[in-house]
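**Student:** sequence below, structure please.
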Amino acid sequence: MNTSIFTSLIGLIIVCVVSTTSNAQYKKSDKSYQEKDKNYGEKESYSSKAPKLKYKIAGEIYYNNVVKDKDDANLKGELDFYKFAIKTSYNFTKKISITSKVISEHTFDPNYDYGDVYVSNVYVKYKHSKKIAVQTGMVSVPISGGKTDVYGSVELSPLEKYFSYPWRELGIGISGSFRYNLNYRITLSTGLDPYELDSKTVIYAARNNKFSSSLKNLATGMQVYFDNKSTTRFGFSAIYSSLEQSAETSKTFTGASYSFTEVFGVFNIGDVQTRIVGLLSSVNESDKINEKFYNKVGSKQIGALFEVSYDFSALLNKEKYKLLVMLRSEYYDSHFRTQGIKDYKKYEHYDYTLGIVFVPLKNVEFKADYKIQNFDKDYSTRLFNLGIAFQL
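**Tutor:** Numbers count the residues shown, from 1 in each chain. Predicted structure coming up:
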């Protein structure tokens, strides 16, 4: 990275830090930027005094370093302006609003062809009542329910990134809340492309989350969860997507489909937070897809995550900032079952992450983590990551 770019980054960070301490004209959320990035199941309010126009600008800068590799051949650090996002929303009335979000990823990293720009969300929302609201446009598929206010590591865990991280599709969604803190979300949207299925990342590249979407496959999603806003949230998610046609190759696979089931829970006891996620997914007719595209995708995938974090700021009697320490253990196997191909053991992971998060201001986060990835018997990798995140 050249000096001018690095200087620009530092200047941008300083501006963001100063801006977060000033009085903004628009309404801000008390939740962290990563919480709001997963914009499903959010409760919204509106009053006559509330501003009609709201905005959010968020960014993430990462430093990733491989400390130990199998052959010690890739021991190098990389600095990446990972994400810059601009989200705006406008309330036409108390019931009707429009939201848009544009994201630039890997802004200064040449390994990603100098980044990508795409529309993450564009939807119109009609909130009839607390029990029912309708969204239409580019909406979020309702999975990854085990969200937290402050994420404990620099990047998403592989289990969440490759399997359960919510993606955006063109479609329609219905959401709402009932008595006893029960909430729901249901979506009907465009689906996955079988050509982009991958043996390691499964559906990560197969999602139509950029400028264009294909109507060749449709997907349905559902999430039901209990949330008392203070100590407990738990529930389940389910996704079904057709894989019968490929938008990129025009190939047809009769009966091919993808299904996903997830259970999750977040529990707070004092300053201790625990989080659990379990998932099971399957690719029906994976042998036919592999035969045509040679992507070696498994027929079944499985994963589980357990995380515990503690907020030391309360112990230190410091209420103006947060200091969290997180320990996460996760297991995932994208070749839990295979059909017509070899079961590659390198896709069975046991990952352990120790993370520290320091929040000196409400909308600024500094992070560091150390990750151990064990797979394929003696093959082990050590990763060290640093991150800065901000929100305006």
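
**Student:** which residues of the stretch 251-392 of the chain fall in strands?
**Tutor:** 257-269, 272-284, 300-311, 322-337, 348-361, 364-375, 379-391 (DSSP state E, counting those that start in this stretch).

**Student:** need these in CSV (columns: mean neighbour count and mean pLDDT).
**Tutor:** Heads up, the C-betas are built off the backbone N, CA and C, glycines and all. Output for those, formatted as CSV (neighbours: other Cβ atoms under 10 Å; pLDDT from 0 to 100):
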stretch, mean neighbour count, mean pLDDT
strand 257-269, 18, 94
strand 272-284, 19, 94
strand 300-311, 20, 94
strand 322-337, 19, 93
strand 348-361, 18, 92
strand 364-375, 18, 92
strand 379-391, 19, 90
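
**Student:** so which of those strands is nearest Phe293?
**Tutor:** strand 272-284 (11.9 Å; Cβ to Cβ).

**Student:** and the gap between the most centrally placed residue in the chain and Asp343?
**Tutor:** Compute the mean C-alpha point of the chain, and by Cα atoms, centre = their mean the closest residue is Tyr165, 4.0 Å away. Tyr165 is 25 Å from Asp343, where distance means Cβ to Cβ, to the nearest Å.

**Student:** now stretch 182-191, how far from the centre of its chain.
**Tutor:** On the basis of Cα atoms, centre = their mean, to the nearest Å, stretch 182-191 sits 16 Å off its chain's mean C-alpha point.

**Student:** buried set for that stretch?
**Tutor:** 183-185, 187, 189-191 (16 or more other Cβ atoms under 10 Å).

**Student:** now swap in stretch 237-253 and tell me
**Tutor:** Result for stretch 237-253 [16+ other Cβ under 10 Å]: buried residues 237, 239, 241-247, 251, 253.

**Student:** what's the mean pLDDT across that stretch?
**Tutor:** Taken as a whole, stretch 237-253 carries a mean pLDDT of 92.

**Student:** what's the span of it from first residue to last?
**Tutor:** 26 Å (Cα to Cα, to the nearest Å).

**Student:** flag the shaky bits of this protein, pLDDT-wise.
**Tutor:** For the chain, the stretches with pLDDT under 70 are 1-50, 69-76, 107-115, 145-146, 166, 208-213, 317-319, 377-378.

**Student:** now the helices for it?
**Tutor:** Ranges of helices in the chain, per DSSP state H, are 3-21, 33-37, 158-159, 286-293, 312-315.

**Student:** so how far is the last one off the chain centroid?
**Tutor:** The gap between where helix 312-315 is centred and where its chain is centred comes out at 28 Å by Cα atoms, centre = their mean.

**Student:** buried residues, it. List them.
**Tutor:** Ser313.

**Student:** who does it touch, helix- and strand-wise?
**Tutor:** Here helix 312-315 touches strand 322-337, going by 3 or more Cβ pairs under 8 Å, 6 or more residues apart in numbering; DSSP states H and E.

**Student:** for Asn284, what are its contacts?
**Tutor:** With contacts defined as Cβ atoms under 8 Å, 6 or more residues apart in numbering, Asn284 is in contact with 243, 255-259, 299.

**Student:** quick check: beta-bridge partners of it?
**Tutor:** Partner residues in beta bridges with Asn284, using DSSP bridges, are Ser257.

**Student:** measure it to Phe253 for me?
**Tutor:** Distance from Asn284 to Phe253, by Cβ to Cβ: 9 Å.

**Student:** how about Val308?
**Tutor:** 42 Å.

**Student:** rewinding a little: pick the one among the contacts of Asn284 closest to Tyr55.
**Tutor:** Distance to Tyr55 across the contacts of Asn284 (Cβ to Cβ) is lowest for Tyr258, with 35.3 Å.

**Student:** nearest spatial neighbour of the closest one, chain-adjacent residues omitted?
**Tutor:** In this structure, Tyr258 finds its nearest non-sequential neighbour in Ser241, 4.6 Å apart by Cβ to Cβ, 6 or more residues apart in numbering.

**Student:** okay, and the beta partners of that neighbour?
**Tutor:** Ser241 has these beta-bridge partners by DSSP bridges: Ala219, Tyr258.

**Student:** surely it meets Asn217?
**Tutor:** Yes. Proximity of Ser241 to Asn217 meets the contact threshold set by Cβ atoms under 8 Å, at 6.1 Å.

**Student:** spit out the residues that contact the two alike.
**Tutor:** Taking Cβ under 8 Å, 6+ apart as the contact rule, the neighbours common to Ser241 and Asn217 are 191-192.

**Student:** picking that back up, need the residues touching each of Asn284 and Phe253.
**Tutor:** Going by Cβ under 8 Å, 6+ apart, residues that sit against Asn284 and also against Phe253 are Leu243.

**Student:** still on that earlier bit, can you give me the distance of the residue nearest to Tyr258 to Leu279?
**Tutor:** In terms of Cβ to Cβ, Ser241 sits 15 Å off from Leu279.

**Student:** could you dump stretch 152-165 to PDB, C-alpha only?
**Tutor:** C-alpha atoms of stretch 152-165 as PDB (Å, rounded to 0.1, in the frame of the first residue of the first chain):
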ATOM      1  CA  GLY A 152     -15.900 -10.800  19.400                       C
ATOM      2  CA  SER A 153     -13.400 -11.200  16.600                       C
ATOM      3  CA  VAL A 154     -12.000  -9.200  13.700                       C
ATOM      4  CA  GLU A 155     -13.800 -11.200  10.900                       C
ATOM      5  CA  LEU A 156     -16.800 -13.500  10.900                       C
ATOM      6  CA  SER A 157     -16.100 -17.000  11.900                       C
ATOM      7  CA  PRO A 158     -15.700 -19.400   8.900                       C
ATOM      8  CA  LEU A 159     -18.800 -21.300  10.100                       C
ATOM      9  CA  GLU A 160     -20.900 -18.200   9.900                       C
ATOM     10  CA  LYS A 161     -19.300 -16.700   6.800                       C
ATOM     11  CA  TYR A 162     -19.500 -19.800   4.600                       C
ATOM     12  CA  PHE A 163     -22.700 -21.400   5.900                       C
ATOM     13  CA  SER A 164     -25.100 -19.100   7.800                       C
ATOM     14  CA  TYR A 165     -24.100 -15.500   7.000                       C
END
